[in-house]
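In: Here is my input; please provide its structure:
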Amino acid sequence: MAAFKHAVDLGTDMLELDCHLTKDEEVVVSHDANLCRSTGINAYICDTSYAELPQYLCKLGVTFQRECFCEGGEDKRIPRLTDIFDAFPNTPVNIDIKVNNDTLIKKVSELVVKYDREHLTVWGNASNQIVKKCYKENPRIPVLFSLPRVVQLLGLFYTGLLPFVPLKEQFLEIPMPSILTKLKDPNSLTRSQRVLIWLADALLMRKALFKHLTARGIQVYVWVLNDDEDFQRAFDLGVTGVMTDFPSRLKDFMDKNGISKLQ
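Out: Residues are numbered from 1 along each chain as shown. Take a look at the predicted model:
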């Protein structure tokens with residue numbers, strides 16, 4: 001909650017989060033299904049009631065920044081989705097449904113409707129099956145492109161058919177493949193790994209693709225960028241927004257370069 005509050009106070013346009021279901025069917029915000037990395041307790045959220053969930057560790061590693069850790073925030077409880085909606089009633093939220101669970105999808109939809117947030121929410125997952133279930137459960141909530149749909153999107157783009165094909169998704173949320181070289185020692189990557197990263201980056205990071213999608217009202221977000229070089233590249237490509245672990249760095253970069261908040 002401290003991280004979310006810090007981001008919103010800085011002027012962040014959207015919060016990205018992941019949802020799981022506890023044993024007593026509370027929708028909670030957590031990336032991992034297992035609690036070991038974040039709390040030190042080897043247990044699964046789905047096997048634990050909300051009241052029994054352990055607190056976050058005082059020091060947590062930042063996945064997309066080597067040898068970097070974050071500390072701070074007095075409230076170390078794993079929050080519920082309702083806590084987020086209560087605390088940030090006017091902030092758009094990007095929800096990753098982490099488990100293919102019909103009850104989880106239904107409960108998230110019910111909460112979005114209860115809080116009148118269908119216009120402030122986008123949801124989905126890399127799994128096409130989960131995205132289809134989300135769309136079927138509540139087609140009024142915009143959905144993300146799943147991984148198979150991203151592959152289809154690229155096929156349509158490179159064959160020139162994309163302008164003629166209707167798209168139900170309203171958000172494209174993809175990684176910048178080149179950041180993979182920053183997660184570990186680049187010298188430890190094999191030649192084939194470097195070639196695959198280069199190829200994926202060349203195929204995905206296309207200004208013409210992003211321009212076409214935004215012209216159709218589809219928002220484009222690139223993740224997870226944490227330094228000025230990647231921020232600059234993303235904005236040069238014409239993305240709608242950048243997903244980052246360090247909103248303060250992104251704000252400083254935007255202020256320094258005279259980049260206004262994108263809507």
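
In: helix, strand or coil for Y221?
Out: At Y221 the chain is in strand, as set by DSSP: H, G, I helix; E, B strand; the rest coil.

In: ok, it touching L172?
Out: Yes. Using Cβ atoms under 8 Å, Y221 is in contact with L172, at 7.1 Å. All C-beta atoms are positioned from the backbone trio N, CA, C, and that covers glycine.

In: Between these two, point out the one with more neighbours.
Out: L172 (23 against 19; other Cβ atoms under 10 Å).

In: leaving aside the residues next to it on the chain, what's closest to L17?
Out: V29 (4.9 Å; Cβ to Cβ, 6 or more residues apart in numbering).

In: Now for that neighbour, how many residues are close by?
Out: Using other Cβ under 10 Å: V29 sits among 20 other residues.

In: measure it to K98 for me?
Out: According to Cβ to Cβ, to the nearest Å, V29 stands 10 Å off from K98.

In: Likewise for E52?
Out: As judged by Cβ to Cβ, E52 and K98 stand 20 Å apart.

In: where are the low-confidence patches of the stretch 51-200 of the chain?
Out: The model of the stretch 51-200 of the chain has pLDDT under 70 over residues 61-73, 184, 186.

In: make it 80
Out: Along the stretch 51-200 of the chain, segments meeting pLDDT under 80 span 58-75, 183-187.

In: Could you pull out the helices in it for me?
Out: Ranges of helices in the stretch 51-200 of the chain, per DSSP state H, counting those that start in this stretch, are 81-87, 102-114, 128-137, 147-159, 191-204.

In: beta partners for the residue nearest to L17?
Out: Using DSSP bridges, the bridge partners assigned to V29 are C19.

In: Can you give me every residue that contacts it?
Out: 17-19, 78-81, 83-84 (Cβ atoms under 8 Å, 6 or more residues apart in numbering).
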